[in-house]
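# got a sequence here, can you model it:
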Amino acid sequence: MDTDSADTPPTGTGPHLALIDDLLARPYPAGEESEDSGVRSSGPGHHLLILRASRDFWDDGSPELVEPAEQEIEADFSALATALTERWGEPETVDLWPFLDDDPDAGDGTGDDGPGDGGPGGEGGYGGLVPEPMGQLCNLAGSMQVWRVPGGTRWLGLAVGQADPEFPIWLLAAVGETAALPA
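Numbering: from 1, shown residues only. Here you go, the predicted structure:
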């Protein structure tokens, strides 16, 4: 995902729902790809879309700028979660932190296959092969709200994330196969 927020899609629940519907209907590509100036990434069995991005905080990460940006993104998250709950019922919360334990890029470099090293000993239970989009999401957010889409094998996840304190805060939509969700 690109950290530039200049080309994020339009704001508001209506346009966000339309983007989500498009994402759910979109076929998965055979290989990894990024489109729309990095706003969307897709691959076998997953899509990830930045629905909204705050400004970045490279020049000024003071609480006076960060807190209002967080509140705006959280308000959009809440409004969208309410609309999705009305559509599909109550979501489940998926903890993304355990996926970091299986992320090969998050290892401590010791190669001991223990927690945090991406090996089979990681708590996530994926043996170092973290399914997407969890591999990307676990580096951006601690959890996501997930709705299992009726009549299919896909789920929709909604999260608020940030790559690092100086990067924009993102409202993220993720689509994946139900097999990628923890049991």
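
# which residues touch residue 134?
96, 99, 176, 180 (C-beta atoms under 8 Å, 6 or more residues apart in numbering). In short, each C-beta sits where N, CA and C put it, glycine included.

# and the pLDDT for it?
Model confidence at residue 134, given as pLDDT, is 93.

# can you tell me how far it is from residue 183?
14 Å (C-beta to C-beta, to the nearest Å).

# what does residue 13 give?
Distance from residue 13 to residue 183, by C-beta to C-beta: 32 Å.

# neighbours of residue 62, just the number please.
Residues within reach of residue 62, counting by other C-beta atoms under 10 Å, total 9.

# then the one 5 residues further on?
Other residues within reach of residue 67 by the criterion other C-beta under 10 Å amount to 10.

# counting contacts, what elements does the helix or strand bottoming out on mean pLDDT in the chain pack onto?
When each helix and strand of the chain is scored by mean pLDDT, DSSP states H and E, helix 97-102 comes last, with a mean of 82. Applying 3 or more C-beta pairs under 8 Å, 6 or more residues apart in numbering; DSSP states H and E, one finds that helix 97-102 contacts helix 134-137.

# which elements pack onto the next helix or strand after the helix it packs on?
Following helix 134-137 in sequence order, the next helix or strand is strand 143-148 (DSSP states H and E). Applying 3+ C-beta pairs under 8 Å, 6+ apart, we find strand 143-148 packed against helix 63-88, strand 92-95, strand 154-161.

# try 10 Å
Helices and strands touching strand 143-148, as assessed by 3 or more C-beta pairs under 10 Å, 6 or more residues apart in numbering; DSSP states H and E, comprise helix 63-88, strand 92-95, helix 134-137, strand 154-161, strand 170-177.

# now the longest one: how far from the chain's centre is it?
Remark: helix 63-88 is offset 14 Å from the chain centroid, using C-alpha atoms, centre = their mean, to the nearest Å.

# and it, what's its mean pLDDT?
For helix 63-88, the per-residue pLDDT averages 96.

# which one is residue 54 nearest to, not counting chain neighbours?
Using C-beta to C-beta, 6 or more residues apart in numbering and skipping the chain neighbours, the partner closest in space to residue 54 is residue 69 (3.7 Å).

# what's the answer for residue 176, then?
residue 46 (4.6 Å).

# so what does that neighbour have for phi and psi?
Per-residue torsions, residue 46: phi -160, psi 160 (degrees, to the nearest 10).
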